[in-house]
Every structure is written in C-alpha cells, then in structure tokens.
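1. With the input below, show me the fold.
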Amino acid sequence: MTATTTVPAAPAPSDPLRQPKAAGGGTTRRRGPGRVAASIILWGYAIVALLPLLIMVMSSLRTNMQLATDPLGLPTSPTFAAYRRAWTQGQFGAYFLNSLLVTIGAVALSTAVSTAAAYALARSNSRIMRVLEALFLSGLMLPIHLAVLPIFYLFDGVGLIDSRIGLILLYGAGGVPFSVFVLGAFFRQVPGELEEAAAIDGAGPWRVFTTIMIPLVRPALATVAVFRFVPIWNDFLFPLVLLRSDSKYTLPVGLSTFFGEHANDYSTIFAGLVITTLPLIALFAIATKQIVAGLTAGMSK
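-> Residues are numbered from 1 along each chain as shown. Take a look at the predicted model:
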C-alpha cells in the first residue's frame, strides 16, 4: 500500500487590476486625480450657477431699505410683501397667464408640425424630400431675431400686431427647424420592420405613426419640448416689439415695467424674477429623466 502525498497548490498570482473589496462585500472604486479634478470643477460650476439664484431669492425676501444698506446681506426678518406687490399691483398674474398661453401654444404647435414633418422626411428617400429637409435645416443657420424688422412689417400687414396668436405662430414656426433636425435623427434609428409588421396586421399609416412611432420617440419629444419652452418663456424682444397692450405682456416685458426713471422697486423686481424662474425649475425637475433619455439615446446598444 503506497502513501499518497498532496502537493499544496501554488498561490494564485495577484491581479494588479483587481480592486479591494469593501466591508459590505462590494468593490471600492479608487478615485484617481482626474476624477477628483473633474468633481471639483463640476461642484465649482454648480456653486457659481446656483449663487445668483440664491441671491435672487434672498433679496426678494428683504425690503428696499435693507437692500440699499446691505445689498448682499441675509434676510434677518423675511417678508413676502414683494411677492404680493408683484402679483397684484404689478399684474404679474396676467403676465404669467400670457406667458403660459403663448409658450404652451407655441411648443404644442411646433412639436406637432415638426413631428409629422420629421417622420415623413426620415421615411422617404425621394429627391424632393431631401430638398425639403435641406430647406428646413437652413432655418438653423440664421437667428430668427435678425428678421425682427421684416417680421414686424409682415405682422402689421396681416393684422397680427398686438396679438398673442401672432406670437404663438411666430414661435411655433421658429422652432420647426431645430425640432425637425432632432426628431428626424430619432425616427431614422427606429427599425422599419416595426412599421412593416404593423402594416401586415392591418394598421394604416396614421395608426402606425400615432400608436407605434410617437411612443418610441417620446424621450426625443420631451427633449425638443423643453429646449423650445425655455427660450420662448424667456424671450423679451418679440413681445416688446409686437405687443402694444399692457394686459397682453409676457413676464419678461412685464418685469421691465418695474424699472422706473428715477427709482426702482428692487425687492419687487427680485420677487418677479423668482416667479419667472420657478416654472423653468419645475419643468426641469419633472422632465429631467426624459431629457437625459433623449440626449443619451443611441449612445449604447
């Protein structure tokens, strides 16, 4: 009977790329100098971006006397009197509704037209469609504000001066080139086999477009809508040029009425700025997930 001897196994070579395990069983991620530098830069940018908003909110809670004596001081006794003055005496309620009506109407019009146009252009290979697509994209080459004088004469000729409908049409048409450019790229990423399968099941073109294609590009629609909402909401030039009645002013133009020739009500101005900014903050807070999905779609398979 022979005795067998067991040779101990050689220790496995250590893997230099293997990261040490944390106490909970996971792996700890080493933060290199580049990652630390990037974090510092991003945090610094966030502080610089949020600091004006913080000063604006704090200034809206102080009186004009406090702002004159200590412009950057903290609100020791916060008051909401400036918000009441802005909403009642400054007609900010009417300005807010005007901005909401014009912005939502323009975004809805632009999104509806550009979605249909982008789908048609993305699914057609004809030369005429390529020419039309180039015509749409040519609208991105020049800012619409360069055409303020021709637009004024055109609107004056058709009776759209001092009309909120005129602003809706103007902003809606101005947003079509960008929206067609973005949505067209998304529609081209959708496989054509989905439309063929739906057609075999008896779905018509309109049903394919509304029930299959639009849900697939919903993140892109949210991205386009948000990117159109912000500049329309903040625009000052066209409402100033095309509107005449104080009751039809949007928020940016209405805010300028608080600037007097000899004295300014700064606390009310800051309150108006806060009121103007809150819808944008709420919009980004609600639509952040869709915006990120729309911007990152197609980056990974």
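2. Could I get the full set of helices for the stretch 201-301 of the chain?
-> The residue ranges that make up the helices of the stretch 201-301 of the chain, judged by DSSP state H, counting those that start in this stretch, are 205-208, 214-216, 218-234, 237-242, 251-256, 266-296.
3. export those helices to JSON lines and tack on mean neighbour count, mean pLDDT and distance to Ala112?
-> Bear in mind the C-beta positions are built from the backbone N, C-alpha and C, glycine included. Formatted as JSON lines, the entries for the helices of the stretch 201-301 of the chain read as follows, by neighbours: other C-beta atoms under 10 Å; pLDDT from 0 to 100; distance: least, C-beta to C-beta, whole Å:
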{"stretch": "helix 205-208", "mean neighbour count": "14", "mean pLDDT": "86", "distance to Ala112": "14"}
{"stretch": "helix 214-216", "mean neighbour count": "13", "mean pLDDT": "88", "distance to Ala112": "11"}
{"stretch": "helix 218-234", "mean neighbour count": "20", "mean pLDDT": "90", "distance to Ala112": "10"}
{"stretch": "helix 237-242", "mean neighbour count": "18", "mean pLDDT": "93", "distance to Ala112": "21"}
{"stretch": "helix 251-256", "mean neighbour count": "21", "mean pLDDT": "88", "distance to Ala112": "24"}
{"stretch": "helix 266-296", "mean neighbour count": "17", "mean pLDDT": "81", "distance to Ala112": "17"}
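4. And those helices: which comes nearest Arg62?
-> Each of these has some distance to Arg62 by C-beta to C-beta; the shortest is helix 266-296, at 6.1 Å.
5. just how off-centre is the closest one within its chain?
-> Relative to its parent chain, helix 266-296 has a centroid offset of 9 Å by C-alpha atoms, centre = their mean, to the nearest Å.
6. Tell me what angle it forms with helix 218-234.
-> For helix 266-296 and helix 218-234, the angle between their directions (axes from the mean of the first three to the mean of the last three C-alpha atoms, to 10 degrees) works out to 160 degrees.
7. other SSEs contacting helix 266-296?
-> Helix 266-296 is packed against helix 33-60, helix 64-69, helix 81-87, helix 92-122, helix 218-234, helix 251-256, with contacts defined by 3 or more C-beta pairs under 8 Å, 6 or more residues apart in numbering; DSSP states H and E.
8. For Ala197, find the nearest of the ones you listed.
-> Among the helices and strands packed on helix 266-296, helix 92-122 comes nearest to Ala197, with 17.2 Å by C-beta to C-beta.
9. what distance separates whichever helix or strand comes after the closest one from the middle of the whole chain?
-> Reading on from helix 92-122 to the C-terminus, the next helix or strand found by DSSP states H and E is helix 127-138. Averaging C-alpha coordinates over helix 127-138 and over its chain gives two centres that are 26 Å apart (C-alpha atoms, centre = their mean).
10. same deal with stretch 74-94?
-> For stretch 74-94 - counting by C-alpha atoms, centre = their mean - the centre lies 27 Å from the chain centre.
11. Would you mind writing the CA trace of that stretch as PDB?
-> Taking only C-alpha atoms (Å, rounded to 0.1, in the frame of the first residue of the first chain), the coordinates of stretch 74-94 have been written out as PDB:
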ATOM      1  CA  LEU A  74     -29.100  87.700   4.700                       C
ATOM      2  CA  PRO A  75     -32.800  88.200   5.200                       C
ATOM      3  CA  THR A  76     -33.000  88.700   9.000                       C
ATOM      4  CA  SER A  77     -36.700  89.200   9.000                       C
ATOM      5  CA  PRO A  78     -38.100  87.600   5.800                       C
ATOM      6  CA  THR A  79     -41.200  89.200   4.300                       C
ATOM      7  CA  PHE A  80     -43.300  88.200   1.300                       C
ATOM      8  CA  ALA A  81     -44.600  91.700   0.700                       C
ATOM      9  CA  ALA A  82     -42.700  92.000  -2.500                       C
ATOM     10  CA  TYR A  83     -44.400  88.900  -3.900                       C
ATOM     11  CA  ARG A  84     -47.800  90.300  -3.100                       C
ATOM     12  CA  ARG A  85     -47.000  93.600  -4.800                       C
ATOM     13  CA  ALA A  86     -45.600  91.800  -7.800                       C
ATOM     14  CA  TRP A  87     -48.700  89.600  -8.200                       C
ATOM     15  CA  THR A  88     -51.300  92.300  -7.500                       C
ATOM     16  CA  GLN A  89     -50.000  95.800  -8.200                       C
ATOM     17  CA  GLY A  90     -47.600  94.600 -10.900                       C
ATOM     18  CA  GLN A  91     -50.300  92.500 -12.700                       C
ATOM     19  CA  PHE A  92     -47.900  89.500 -12.600                       C
ATOM     20  CA  GLY A  93     -50.900  87.200 -12.600                       C
ATOM     21  CA  ALA A  94     -51.900  88.400 -16.100                       C
END
